[in-house]
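>>> A predicted structure for the sequence below; I have some questions about it.
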Amino acid sequence: MKKIGILLDSFGGISEKEIKANGFEMIPLQFSIDGKDYIDNGSELSNKEISELVKTSEETKTSLPSLATIEERLEQMSKEYENVIVLLTSSALSSTFQTVMVESKKYGDKFKLVDNHFFADQALEISKFLVKKAAEGKTIDELIKFVKQVNEKSLNYLIVKDLTSLIRGGRLTGMKKILLNSFKLIPLLKVSQEGISFGGLKRTLKGSYEKVIEKLIEFIGGLSYLENYEFKFSYAGDLEMFNEAQKALNEYKAKIEKDQISSATVLIHTGFKCASIGIWPKLSKLKF
């Protein structure tokens, strides 16, 4: 048996092909757009194609991975690996985590599920790092402790310029919906291990990015710690959202390293006029 296996899902927006190319496995989420069902594996539709469909759709929804797929992946990996680290969508955002946890009990403690709020390519990046450290002799307990440490040092925000998808999905109700709709305010939504919470309001996209970056820098302890961290960004393909983010990051001599379109799950729940920007520690600079 191989020592360490990694199991991810499609929340990060990375295709199954790329995940497998790195030696990992994926459980794809599912979604439907205007009555047509899809598997979110990057093969049926690219993230860019999904974003265009979401932009013009009338009805969208997401659903859990099929139970058959979950069972198949767990059975396969149980035979190939001594231990499997599982990094899925946060349990605060999806019941996929709980479903996989229940199914994994059939294999004792072989599957190590680590609840997290990673986004974009963070789960893939840390998975590569874990495999490298396992090869250097790190134990499974040390690897899991490291993932939890990185998760605690990470934070991201959603900036949602158009609230249509959030309102349509019932996530904004009552006076808050009326207020945000009436004054065209842009909500800043904090994404942490506890889930999504209200993080403030701004009138302009420029001001939204500036405020979020300010909050992220405050989260890590101030500007003096910035050299040990890096920003992550994903969006729905709207160039205005991308360009304004890059302008705001330029003030800190930072840049968007990867032009990454969000996953179907994120796109469907937040819509086309949304971007996610976050901060997490540079893995190579952490004591491990």
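It's in. Numbers count the residues shown, from 1 in each chain.
>>> Show me where this structure has its strands.
Counting by DSSP state E, the chain has strands at residues 2-9, 25-27, 30-33, 36-39, 60-63, 81-87, 111-113, 155-160, 186-192, 195-202, 229-235, 274-281.
>>> Kindly reformat the ones you listed as CSV containing mean pLDDT and distance to residue 213.
Where C-beta positions appear, they are placed from N, C-alpha and C, glycine not excepted. CSV is the format used below for the strands of the chain (pLDDT from 0 to 100; distance: least, C-beta to C-beta, whole Å):
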stretch, mean pLDDT, distance to residue 213
strand 2-9, 96, 28
strand 25-27, 97, 31
strand 30-33, 94, 30
strand 36-39, 94, 34
strand 60-63, 90, 29
strand 81-87, 98, 26
strand 111-113, 98, 32
strand 155-160, 95, 9
strand 186-192, 92, 11
strand 195-202, 90, 12
strand 229-235, 97, 8
strand 274-281, 96, 7
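>>> so what's residue 1 closest to, chain neighbours aside?
Closest residue to residue 1 apart from its sequence neighbours, by C-beta to C-beta, 6 or more residues apart in numbering: residue 82 at 5.1 Å.
>>> Quickly note the distance from the one you found to residue 124.
Distance, residue 82 to residue 124, by C-beta to C-beta, to the nearest Å: 22 Å.
>>> Neighbour count for those two, which is higher?
residue 124 (21 against 11; other C-beta atoms under 10 Å).
>>> contacting residues for residue 162?
Each residue near residue 162 by C-beta atoms under 8 Å, 6 or more residues apart in numbering is listed here: 271-274.
>>> Contacts only, for the closest residue to residue 259 other than its chain neighbours.
Leaving out its chain neighbours, the residue that sits closest to residue 259 by C-beta to C-beta, 6+ apart is residue 242, at 7.2 Å. Contact analysis of residue 242 by C-beta under 8 Å, 6+ apart lists 233, 235, 256, 259, 275.
>>> quick one: residue 242 and residue 268, what's the gap?
From residue 242 to residue 268 the distance is 20 Å (C-beta to C-beta).
>>> Helix or strand, whichever it is, which one in the chain has the lowest mean pLDDT?
Here the helix or strand of the chain ranked lowest by mean pLDDT, DSSP states H and E is helix 174-183, holding a mean of 65.
>>> So this structure: which segments form each domain?
What automatic domain parsing lists as the domains of the chain is 2-29+64-152, 155-285.
>>> and those, which one's lowest on average pLDDT?
Among the domains of the chain, domain 155-285 has the lowest mean pLDDT, at a mean of 90.
>>> Start and end of that one, how far apart?
18 Å (C-alpha to C-alpha, to the nearest Å).
>>> Look up the residues forming beta bridges with the closest residue to residue 268 other than its chain neighbours.
Residue nearest to residue 268 in three dimensions, not counting chain neighbours: residue 60, with 4.4 Å by C-beta to C-beta, 6+ apart. Note on residue 60: beta-bridge partners by DSSP bridges are residue 33.
>>> how near is residue 60 to residue 165?
Residue 60 sits 8 Å away from residue 165, going by C-beta to C-beta.
>>> what do you get for residue 87?
Distance check for residue 87 against residue 165: by C-beta to C-beta, it reads 26 Å.
>>> Give me the more crowded residue out of the two.
Remark: of residue 87 and residue 165, residue 87 carries more neighbours, 26 against 22, as counted by other C-beta under 10 Å.
>>> got the contact list for the most centrally placed residue in the chain?
Taking C-alpha atoms, centre = their mean, the centroid of the chain lies closest to residue 119, which sits 2.2 Å from it. By C-beta under 8 Å, 6+ apart, the contact set of residue 119 is 11-12, 156, 191, 232, 234, 266, 276, 278.
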